[in-house]
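S.K.: using only what follows, build the 3D model:
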Amino acid sequence: MVPVTTSAEYKALRNSERNLAVLDEAREKYNNYCSQASEGANDQSLKQLKEEFDHKKSNLVQFNYSCIPNADMLLKGSTQLSPWVGMDVDFDHNDPLFEQKMAETPQRIISMADQLGLGMLERSVSKGYHIVFRRHLDLSQEDNLKWASELIGCQYDSGAKDITRVFYTTSSSDEDLLYLSDEMFAEDANKPVEVKLAQTSMTVPVSSAGYVTTTTEAKPVNLPPIVKPDPSAHSYQGIPFTDIIAKYNELFNGGKEPCYDDHNRDTWTYEWAHNVRCIRDFDVQLVMEVTPMYDGFPEDEWRKCIVSACNETRKGMTYRTRKVLEALKKEHSAPSMPWQMTSSRPPMLTSRMPESLRKISALAPDFLKTTVSEGSFAALATHLHEVTFSNIDGKVCEPALMQIIISRQSSGKGCVDTPIQCINEDLLRHDSADRLREDEWKQKNPTASTKRDKFPEDLYVQTCQSDMTHAGFVKRLMQCHRNGGRPIFIHMVELDEITALSTNGKKDVTRIVRKAFDRSTYGQERAGSDSISGVAPLRLNFTAATTPTRAISMCQPWVPDGTLSRCNLITIDPNEGEEKMRYKPCTQRYKDSIKIYIDRLNDASGLIYSKKAYQLAERLRDQLDDMSAGTDSDSIKTFAPRAVTIAYWKAMILYIMAGQKWSKEIEAYVEWSLKRDLWVKMHFFGKKLEDDLEKENSIETYHPKNIMEVLHDNFNEDEFIQARQRLGLKGDYKEHLKKLRQRHKIDYDDTTKMYVKATQDN
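M.R.: Below you'll find the predicted structure:
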């Protein structure tokens with residue numbers, strides 16, 4: 001490092017020809033990355049674009065503000081604090097309020113310049129700002145960052161809290177360098193500073209306010225050189241290391257990859273290296289080859305974790321390694337199935353939920369959040385009326401979501417109850433008022449009355465009870481149909497409550513589900529003047545819960561006729577950390593946080609189209625077709641079309657709730673939701689479906705064949721008998737010959753003793 005002692009020198013470094021050229025290229029690559037991300041580029045392409053941006057950014061001029069270099073002017077290992085603190089603030093470019101936050105933040109910070117002790121404010125090369133403020137000498141580095149973060153109302157980057165952290169600088173233009181105080185270069189900044197921390201007291205010799213790095217630090221001689229990881233190029237006993245890593249994450253990391261936000265990249269790297277070293281000859285560089293650098297993990301820290309793990313006392317194969325290999329060998333020996341369908345664990349959501357679902361599931365413990373998010377869609381869809389989507393099969397349809405949560409007793413199936421009640425709060429408020437109007441009309445117009453007022457045509461109820469009669473069910477359907485084609489919603493504590501809606505017990509349940517999914521007409525026609533009579537599209541959404549045993553008992557008959565494929569099946573994530581089932585209180589703040597998304601659903605109308613959602617549905621359908629063909633799985637092929645339709649409807653609901661904006665979060669969530677739905681169906685009902693399909697394929701069919709098509713023009717009696725045998729015809733062959741002669745299809749030549757086909761019908 002070299003000291004920067006004047007503002008002119010500081011600005012000259014920022015505005016150097018080389019730095020400006022690098023800055024333009026870096027920002028171009030970052031904008032390209034953001035553009036590709038918004039357009040739904042695949043993860044591999046985005047990863048490559050991000051790496052290109054990071055590489056280009058690393059060539060910018062680098063400043064450090066929080067520490068004083070060592071005597072040799074090297075940054076590494078410095079423990080001396082400067083009078084200033086460098087702070088990094090980043091915003092998510094996918095955040096709908098991103099532009100607003102970027103515009104408002106500098107104004108707010110500059111307005112607090114005196115209170116903050118602001119020294120410098122710059123716009124970073126990508127998605128945020130760098131702030132330099134005067135240090136509070138009675139606080140640690142991290143406490144200083146926390147203090148400033150609370151003051152300005154912006155979360156600091158917790159990965160940039162080390163005093164040796166450098167900041168990649170931008171230009172000195174008014175758009176980039178938003179504030180610069182001369183105090184950073186004043187004479188009194190060079191005086192020693194007494195730092196009084198809680199347990200220590202040190203004198204800090206200060207030579208300048210900012211330092212710029214000029215050379216690359218030498219690698220420590222006691223560490224081996226870094227070997228770039230490439231797990232896909234290596235295997236163990238025929239099993240690719242990519243599969244070993246994925247299974248390790250599934251079994252021992254909650255199904256997720258380590259990430260910066262979870263602060264577990266170092267722990268994961270150390271534990272992985274410790275477990276995998278036994279099958280990599282305890283060689284550090286061989287372990288490096290199969291150890292990913294997750295989510296921007298710094299190379300030097302990554303290497304240190306691996307070296308530390310490999311230096312531990314050597315032992316045989318660890319428990320984790322043995323379990324991973326056993327699970328993979330078992331799966332590889334089983335018939336191949338797509339998307340972890342043979343796994344005993346459901347596919348886990350490894351990406352971040354869309355914002356709307358994060359807020360809806362905020363009250364639930366972590367292991368129940370996906371159940372809440374999935375189980376909310378039927379209630380959310382009920383807020384859409386006179387809204388249609390264009391399916392990939394060309395049909396224009398309304399979303400019909402019938403959801404069944406399947407999990408053991410006391411596992412948390414009721415986690416959806418409160419969120420659904422909050423989602424439907426506006427509907428419940430309306431329905432309560434209309435139920436009161438209905439009761440008042442009934443009291444004024446008893447059944448026995450000869451003269452009754454006309455029933456209010458604008459009265460309708462959407463949130464219905466699960467124990468209503470079939471007549472009441474039809475009545476609600478008709479009311480909602482007359483008032484904007486609104487769907488009704490039923491929240492059932494137990495799935496078997498659905499039988500109350502039908503007239504013939506379970507026999508009619510499948511009819512209701514099938515017609516509801518297809519929005520086919522349904523109703524009843526009665527002759528009596530007081531009887532409920534009418535026919536309308538069956539607009540029904542419901543959420544129900546049941547146990548695996550009761551689900552199999554009740555729903556197995558639904559498999560052959562397509563009823564089950566029209567339902568969205570949900571289960572609960574394994575509670576790996578044995579988290580206590582504690583829910584956060586439902587407050588007005590929670591209700592307000594989800595209201596914006598409910599309002600967007602209520603305001604939607606007409607045919608709504610999203611090119612990204614449509615393309616996603618097509619891609620998922622193609623993937624399932626390929627997987628079905630590759631695995632020769634008729635059950636996947638049978639479940640897939642409607643499962644993709646359900647996933648597409650969810651994508652469109654999320655798209656509307658996001659203000660009709662598409663995001664990678666929506667895409668990743670919908671893909672996972674489809675996998676989860678298919679996994680539950682295959683897990684509980686796949687064997688039943690395969691057996692039924694096998695029976696259908698083995699049914700002997702009979703197609704009558706005309707014997708005249710297989711006989712020669714001239715044939716004898718023996719040839720006629722053989723032809724009958726080939727066709728499997730039974731009965732008296734003489735009677736058959738007699739009928740053919742009577743119908744003038746054949747004649748008998750007495751000379752040749754042969755039968756002859758007639759040349760034309762008589």
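S.K.: my guess is residue 278 meets residue 310, correct?
M.R.: No. The pair residue 278 and residue 310 fails to qualify as a contact (Cβ atoms under 8 Å) at a distance of 10.3 Å. Bear in mind the C-beta positions are built from the backbone N, C-alpha and C, glycine included.
S.K.: neighbour count winner among the two?
M.R.: With neighbours defined as other Cβ atoms under 10 Å, residue 278 and residue 310 compare such that residue 310 has more, 22 against 16.
S.K.: against residue 284, how distant is that one?
M.R.: 5 Å (Cβ to Cβ, to the nearest Å).
S.K.: right, and residue 726 touches residue 707 too?
M.R.: No. With contact defined as Cβ under 8 Å, residue 726 does not count as touching residue 707 (9.3 Å).
S.K.: those two: which has the busier surroundings?
M.R.: Taking neighbours as other Cβ under 10 Å, residue 726 and residue 707 compare with residue 707 leading, 16 against 10.
S.K.: residue ranges for the strands of the stretch 601-750 of the chain, please.
M.R.: All strands of the stretch 601-750 of the chain, identified by DSSP state E, counting those that start in this stretch, fall at 606-607, 714-715, 746-749.
S.K.: quick one, which of those gets closest to residue 424.
M.R.: strand 606-607 (23.2 Å; Cβ to Cβ).
S.K.: which other residues reach that closest one?
M.R.: Applying Cβ atoms under 8 Å, 6 or more residues apart in numbering, the external contacts of strand 606-607 come out as 386-390, 396.
S.K.: which one of these is nearest residue 596?
M.R.: Residue 596 lies nearest to residue 387 out of those, by Cβ to Cβ, at 17.7 Å.
S.K.: hmm, back to that, possible to save the strands of the stretch 601-750 of the chain as a markdown table with mean pLDDT and distance to residue 24?
M.R.: Putting the strands of the stretch 601-750 of the chain into a markdown table (pLDDT from 0 to 100; distance: least, Cβ to Cβ, whole Å) gives the following:
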| stretch | mean pLDDT | distance to residue 24 |
| --- | --- | --- |
| strand 606-607 | 94 | 43 |
| strand 714-715 | 90 | 90 |
| strand 746-749 | 86 | 92 |
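S.K.: how about JSON lines for those strands, with distance to residue 351 and mean neighbour count added?
M.R.: Putting those into JSON lines (distance: least, Cβ to Cβ, whole Å; neighbours: other Cβ atoms under 10 Å) gives the following:
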{"stretch": "strand 606-607", "distance to residue 351": "29", "mean neighbour count": "9"}
{"stretch": "strand 714-715", "distance to residue 351": "72", "mean neighbour count": "14"}
{"stretch": "strand 746-749", "distance to residue 351": "74", "mean neighbour count": "13"}
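S.K.: who touches the nearest residue in space to residue 292 that is not next to it in sequence in this structure?
M.R.: What sits nearest to residue 292 in space, not counting adjacent residues and going by Cβ to Cβ, 6 or more residues apart in numbering, is residue 229, at 5.6 Å. Counting by Cβ under 8 Å, 6+ apart, residue 229 touches 288-293.
S.K.: can you list the buried residues in the helix or strand hosting residue 372?
M.R.: Assessed by DSSP states H and E, residue 372 sits inside helix 369-375. Using 16 or more other Cβ atoms under 10 Å as the test for burial, helix 369-375 gives 369-375.
S.K.: now do stretch 455-473
M.R.: Applying 16+ other Cβ under 10 Å to stretch 455-473 flags 460-464, 466, 468, 470, 472-473 as buried.
S.K.: same question, stretch 312-319
M.R.: Judged by neighbour count (16+ other Cβ under 10 Å), stretch 312-319 contains these buried residues: residue 318.
S.K.: now do the end-to-end distance for it.
M.R.: Using Cα to Cα, to the nearest Å, the end-to-end distance of stretch 312-319 comes to 16 Å.
S.K.: report the separation between residue 462 and residue 294.
M.R.: For residue 462, the distance to residue 294 equals 46 Å [Cβ to Cβ].
S.K.: sorry, slip of the keys, the one I care about is residue 85.
M.R.: Using Cβ to Cβ, residue 85 is found at 28 Å from residue 294.
S.K.: for these two, work out which one has more neighbours and name it.
M.R.: Ranked by neighbour count (other Cβ under 10 Å), residue 85 and residue 294 place residue 85 first, with 27 against 18.
S.K.: count of neighbours near residue 134?
M.R.: Residues lying near residue 134 (other Cβ under 10 Å) number 19.
S.K.: quick check: chain neighbours aside, which residue is closest to it?
M.R.: Nearest residue to residue 134 in three dimensions, chain neighbours excluded: residue 117, at 3.2 Å (Cβ to Cβ, 6+ apart).
S.K.: picking up where we left off before, how far away is the residue nearest to residue 292 from residue 149?
M.R.: For residue 229 relative to residue 149 (Cβ to Cβ), the value is 34 Å.
S.K.: again with residue 383
M.R.: Distance, residue 383 to residue 149, using Cβ to Cβ: 37 Å.
S.K.: looking at those two, which is more packed in?
M.R.: With neighbours defined as other Cβ under 10 Å, residue 383 and residue 149 compare such that residue 383 has more, 27 against 17.
S.K.: thought residue 662 was touching residue 610?
M.R.: Yes. Assessed by Cβ under 8 Å, residue 662 is found in contact with residue 610 at 6.0 Å.
S.K.: which residues are common contacts for these two?
M.R.: Common neighbours of residue 662 and residue 610 (criterion: Cβ under 8 Å, 6+ apart): residue 655.
S.K.: stretch 388-395: end-to-end distance?
M.R.: From its first residue to its last, stretch 388-395 covers 10 Å (Cα to Cα).
S.K.: buried set for that stretch?
M.R.: Residues of stretch 388-395 classed as buried: 388-392 (neighbour count, 16+ other Cβ under 10 Å).
S.K.: and if you look at stretch 561-581?
M.R.: Buried, per 16+ other Cβ under 10 Å, within stretch 561-581: 562-573.
S.K.: so which of those residues are in strands?
M.R.: Judged by DSSP state E, the subset of these located in strands is 568-570.
S.K.: which SS state does residue 497 fall under?
M.R.: Classification of residue 497 using DSSP: H, G, I helix; E, B strand; the rest coil returns helix.
S.K.: which residues does it contact?
M.R.: Residue 497 neighbours (Cβ under 8 Å, 6+ apart): 466-467, 544.
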